[in-house]
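Engineer: Sharing a model that was predicted from the sequence below.
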Amino acid sequence: MIEKVVAANWKMYKNPEESTAFLKKFLELLPPANQKQVFIFPQTVCLQAVEDCLAEQNVDILTGAQNCYTEDEGAFTGEISPKVLKDMKTDAILIGHSERRSHFKEDNELLSKKIKSAQAHNLIPMYCIGETLDQRKGGKTFDVLKEQLEVGLKHFDRKGSLIVAYEPVWAIGTGEVATPEQAQEAHAFVRKTLQKITGLDTYKILYGGSVKPENAQELISKPDIDGFLVGGASLKPDSLAQICQIALTKRR
Ligand code: PEP
């Protein structure tokens, strides 16, 4: 049975003190056995505070940045070096979140280079894909997912790690969640496509889009949903802990 994962995307919320206060409360609620199945993605300016807090508490929760650049260093004012993220003991990088694709015009070509640069430093790329509402209504969902995977993973080294997050754009931050059947159908397609591209079927595929404690159980019961990427509901320690409890508790 594949071990489930829950990842918290804090977007541009929480300062260093708020991040630390969150973690202290959350850690009281998370069973130590589940620590290695949880990722926290704070703003990059809060990553050090998060790393320091976890080290101080001797906790194995994984951390990640919400973005990185394609190069390690250079005259790229304002960008984030994957090499320095690794130096900071970061574990993962979110790549291709729909807010990066839409607000910052990041396309699959650019994202393929970001995945390559993350892998070059042994950082886990958490590659986000998903269709817009227009694309879904136009019957284009599978074409869009296929292209995002084929182009985004064109430099992918199958010896490295990868997590894919299927996040239908119409479900992110909208309160509108994909039905478990819609999510399962997309996840099964993503798994099959990943297998064709990489030859492997071992990658975790997370669902993201308005996940809350109230809808987590139905979604996680689907065979191809290996966990969640959570935005809004990850901002409160008790709701993230409830989602972890639902998703990470082992069942027979
Ligand atoms: C996200 O930001 O990746 C996300 C899924 O947000 P939300 O859970 O708020 O829809």
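Structural biologist: On my side now, so go ahead.

Engineer: Whatever residue of the stretch 1-150 of the chain ends up closest to the ligand - how many residues pack around it?
Structural biologist: Ranked by CB to the nearest ligand atom, the top residue of the stretch 1-150 of the chain for proximity to the ligand is Asn9, at 4.3 Å. Quick note: C-beta positions are derived from backbone N, CA and C, even for glycine. Burial measure for Asn9: 26 neighbouring residues, criterion other CB atoms under 10 Å.

Engineer: Okay, now the unreliable bits of this structure?
Structural biologist: Low-confidence segments of the chain (pLDDT under 70): 1-2, 251-252.

Engineer: And the helix ranked longest in it, what does it pack against?
Structural biologist: Ranked by residue count and defined by DSSP state H, the top helix of the chain is helix 180-198. When contacts are defined as 3 or more CB pairs under 8 Å, 6 or more residues apart in numbering; DSSP states H and E, helix 180-198 sits against helix 141-152, strand 163-166, strand 204-208, helix 213-220.

Engineer: If we use 10 Å, what do you get?
Structural biologist: strand 124-129, helix 141-152, strand 163-166, strand 204-208, helix 213-220 (3 or more CB pairs under 10 Å, 6 or more residues apart in numbering; DSSP states H and E).

Engineer: Now the closest residue to the ligand within the stretch 151-252 of the chain. Its backbone dihedrals?
Structural biologist: Residue of the stretch 151-252 of the chain nearest the ligand, by CB to the nearest ligand atom: Gly231 (2.1 Å). Main-chain dihedrals, Gly231, degrees, to the nearest 10: phi -100, psi -100.

Engineer: Outside of the helix or strand that Val84 is a member of itself, list whatever touches it.
Structural biologist: Secondary-structure element containing Val84, defined by DSSP states H and E: helix 82-87. Helix 82-87 is contacted by residues 44, 47, 63-65, 67-73, 81, 90-93, 114, 116-123, 125 when judged by CB atoms under 10 Å, 6 or more residues apart in numbering.

Engineer: Helices - which of the residues you listed land there?
Structural biologist: Cross-referencing these against helices under DSSP H gives 47, 114, 116-120.

Engineer: ok, which residues in this protein are in contact with the ligand?
Structural biologist: The chain comes close to the ligand at residues 9, 11, 167, 172-173, 208-211, 229-233, as judged by CB under 6 Å from any ligand atom.
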